[in-house]
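>>> need the 3D shape of this:
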Amino acid sequence: MTLALCPGSFDPVTNGHLDIIERSSTTFDEVLVAVIANPSKEPLFTLDERKDLLEKAVAPFGNVRIDAFEGLLVDFALARGVDVIVKGLRAVSDFDYEMQMAHMNRRLTGIDTFFLPTSHEYSYLAASLVRDVVRLGGDVEGLVPEHVLVAMRERYRR
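Residues are numbered from 1 along each chain as shown. Modelled structure (predicted):
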């Protein structure tokens with residue numbers, strides 16, 4: 001049984017993230033989606049909120065579960081018995097950075113990284129871009145799950 005790890009900040013989870021998670025769920029036996037708790041960043045949603053939003057979004061995928069971590073990804077991966085790390089790639093610029101991380105992660109743990117290109121309809125999509133558009137009153141319907149859009153609109157109303 002192969003356990004794949006899909007890490008990210010998911011602030012917010014987008015349909016691009018879900019594309020990678022869903023496709024991973026059809027490739028690997030089990031998928032663990034890990035929300036990164038980065039104390040140096042000021043997220044839109046708390047760690048628990050991001051986990052909750054993700055759990056609702058991945059509910060249709062029977063072999064996907066959600067967790068969170070702080071610290072080194074590879075330490076978390078080893079503690080959970082992860083076989084492979086899955087990273088989505090939108091552009092060549094993503095590849096340059098992710099390749100360095102993949103080599104370092106493999107050197108530290110022996111865990112390989114599986115690169116999955118994002119579907120073309122989400123190749124431009126980034127959570128930071130989604131946050132900016134919603135913050136400025138724009139519409140991102142179809143780019144995030146409906147419950148995420150509602151939560152974002154509510155957050156920016158405050």
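>>> how about Phe10, secondary structure?
Of the three states, Phe10 takes coil according to DSSP: H, G, I helix; E, B strand; the rest coil.
>>> hang on, it packs against Asp52?
No: judged on Cβ atoms under 8 Å, Phe10 makes no contact with Asp52 at a distance of 10.9 Å. Bear in mind the C-beta positions are built from the backbone N, C-alpha and C, glycine included.
>>> more crowded one of those two?
A side-by-side neighbour count of Phe10 and Asp52, using other Cβ atoms under 10 Å, places Phe10 first with 27 against 15.
>>> which residues does the more buried one contact?
17, 33, 35, 50, 53-54, 127 (Cβ atoms under 8 Å, 6 or more residues apart in numbering).
>>> mind checking the longest helix of this protein?
Ranked by residue count under DSSP state H, the longest helix found in the chain is helix 92-109.
>>> straight-line length of stretch 117-124, end to end?
The separation between the terminal residues of stretch 117-124, taken as Cα to Cα, to the nearest Å, is 12 Å.
>>> if anything else comes up later, I'll come back, but that's it for now.
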